[in-house]
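S.K.: below are the sequence and a predicted model; questions follow.
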Amino acid sequence: MTDSLVCVDANLTLKLVLQESDSDLTLSLWEAWGRQQVMVIAPYLWAYEVTSVIRNQIHRGRLSLELGFEAFTAIHQLPVQLLQPDELHQRAWELAHRFDRPAAYDAHYLALAEMTGCPFWTADQRLFNVVGNELDWVFWLGDYKTSPEKS
């Protein structure tokens, strides 16, 4: 595993622009990566997911249009390098099947982390619970307090 890269999912990065109970924890982790000059990566899917979640928050009345646009602008300014290596979809398909996932969205993040040899961080506890025992390079945000050395 390389220490100079980390793959993140939409769930984790959205906590940087939407106020949630563990947003401070996400900010702490993000700042640690900045100090360590870690490059943050995600599949192209990330941009679609974060845009969709913020738009949904506006649609449901959980965010005003103004605050939603601020969140949209801020998240797309994050230094997240979007990658799509050859065979990403194939590997995502295989991982989705291996872990019996009904959709392959999350598997794309797993596949990218695996293909680049870097840790994958998620704020999705359900995903972590499914894959964490088998994939030791997958980390859950909720464990960051007790295991900051994994950052």
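M.R.: Everything's here; your move. The shown structure was predicted, so the numbers you read here are calculated from the model rather than taken from an experiment.
S.K.: does Ala47 really touch His76, like I thought?
M.R.: Yes: counting by Cβ atoms under 8 Å, Ala47 touches His76, with 7.1 Å between them. Glycine gets a C-beta too; all of them are placed from N, C-alpha and C.
S.K.: which parts of this structure are helices?
M.R.: Taking DSSP state H, the helices of the chain run over residues 10-14, 23-35, 45-59, 65-76, 88-98, 105-116, 125-131.
S.K.: where does the protein have low pLDDT?
M.R.: 1-3, 146-151 (pLDDT under 70).
S.K.: one more pass at 50, please.
M.R.: Residue ranges of the chain with pLDDT under 50: 146-151.
S.K.: mind checking the helices of the chain for the one nearest to Lys145?
M.R.: Lys145 sits nearest to helix 23-35 of all these, at 6.7 Å, using Cβ to Cβ.
S.K.: by contact count, what packs against that closest one?
M.R.: Helices and strands touching helix 23-35, by 3 or more Cβ pairs under 8 Å, 6 or more residues apart in numbering; DSSP states H and E: there are none.
S.K.: buried residues in it?
M.R.: For helix 23-35, a neighbour-count test (16 or more other Cβ atoms under 10 Å) marks Leu25, Thr26, Leu29, Trp30, Trp33 as buried.
S.K.: make a markdown table out of the helices of the chain and add distance to Ser4.
M.R.: Shown next, in a markdown table, are those (distance: least, Cβ to Cβ, whole Å):
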| stretch | distance to Ser4 |
| --- | --- |
| helix 10-14 | 18 |
| helix 23-35 | 10 |
| helix 45-59 | 19 |
| helix 65-76 | 23 |
| helix 88-98 | 20 |
| helix 105-116 | 10 |
| helix 125-131 | 23 |
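S.K.: of the ones you listed, which approaches Val138 most closely?
M.R.: Ranking those by their distance to Val138 (criterion: Cβ to Cβ) puts helix 125-131 first, at 5.4 Å.
S.K.: dump that closest one to CSV, restricted to CA.
M.R.: C-alpha atoms of helix 125-131 as CSV (Å, rounded to 0.1, in the frame of the first residue of the first chain):
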residue,chain,number,x,y,z
GLN,A,125,-20.4,1.9,7.9
ARG,A,126,-22.6,-0.6,6.1
LEU,A,127,-20.1,-0.9,3.3
PHE,A,128,-17.2,-1.2,5.8
ASN,A,129,-19.1,-3.9,7.7
VAL,A,130,-19.4,-5.9,4.5
VAL,A,131,-15.8,-5.7,3.2
